[in-house]
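Engineer: Sequence and computational prediction follow.
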Amino acid sequence: MFSVFVANSAIVALAVIIHYEFLYRLTTHMPTMHIKHRFRIVLGVFLALIAHGIEVWIFAFAYYFMHNAEGWGHFDGHFNGSLMDCVYFSFTTFTTLGFGDIVPHGDLRFLTGIESLTGLVLITWTASFLYLEMQRYWDED
């Protein structure tokens, strides 16, 4: 159980660090851009989506390796064991959409739960960041 906690914590920490770095870089570089604020916001949205995509892929790789390793659990349902199925599952979990067509068993369930919570927090963080950026320059355009 300790190894599950350590692995899950490391994966979440990596996702949070990546998200922080993306938002930090946006915060420092957006004010220096010589373009209209609305385009800065659009760029911010695209870069935030890229950050979320990278974070989803981190979880997907973790699912893929855990599924193929002994003792971490497995997936049932419409799952063929491919990396792309893990990416699909990660996207539906990260966004808390959860179609239910792929079902985790064993210790993979813990990563699934923590990914949902992490996704919720990081998506909310992005929304708050973009709201503050929009409010900061709203009257400039």
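Structural biologist: Perfect, I can see it now. Residues are numbered from 1 along each chain as shown.

Engineer: Can you check the pLDDT for residue 32?
Structural biologist: Among the per-residue scores, residue 32 holds a pLDDT of 87.

Engineer: again with the one 5 residues further on
Structural biologist: Predicted confidence (pLDDT) for residue 37: 79.

Engineer: Would you list the phi and psi of the residue positioned nearest the centre of the chain?
Structural biologist: Averaging the C-alpha coordinates of the chain gives a centre point, and the residue nearest to it by Cα atoms, centre = their mean is residue 55 (3.6 Å). Dihedral angles of residue 55 (phi, psi; degrees, to the nearest 10) stand at phi -60, psi -40.

Engineer: need the contact list for it.
Structural biologist: For residue 55, the contact set (Cβ atoms under 8 Å, 6 or more residues apart in numbering) comprises 15, 18, 19, 94, 118, 119, 122. Bear in mind the C-beta positions are built from the backbone N, C-alpha and C, glycine included.

Engineer: just residue 46 next, same as before
Structural biologist: Neighbours of residue 46 in contact, by Cβ under 8 Å, 6+ apart: none.

Engineer: what's the answer for residue 126, then?
Structural biologist: 19, 23, 48, 51, 52.

Engineer: Tell me which two of those residues sit farthest apart.
Structural biologist: Checked with Cβ to Cβ, the contacts of residue 126 reach their widest spread between 23 and 52, with 11.3 Å between them.

Engineer: all helices for this structure, in order.
Structural biologist: Under the criterion DSSP state H, helices of the chain are mapped to 2-29, 37-68, 83-94, 108-137.
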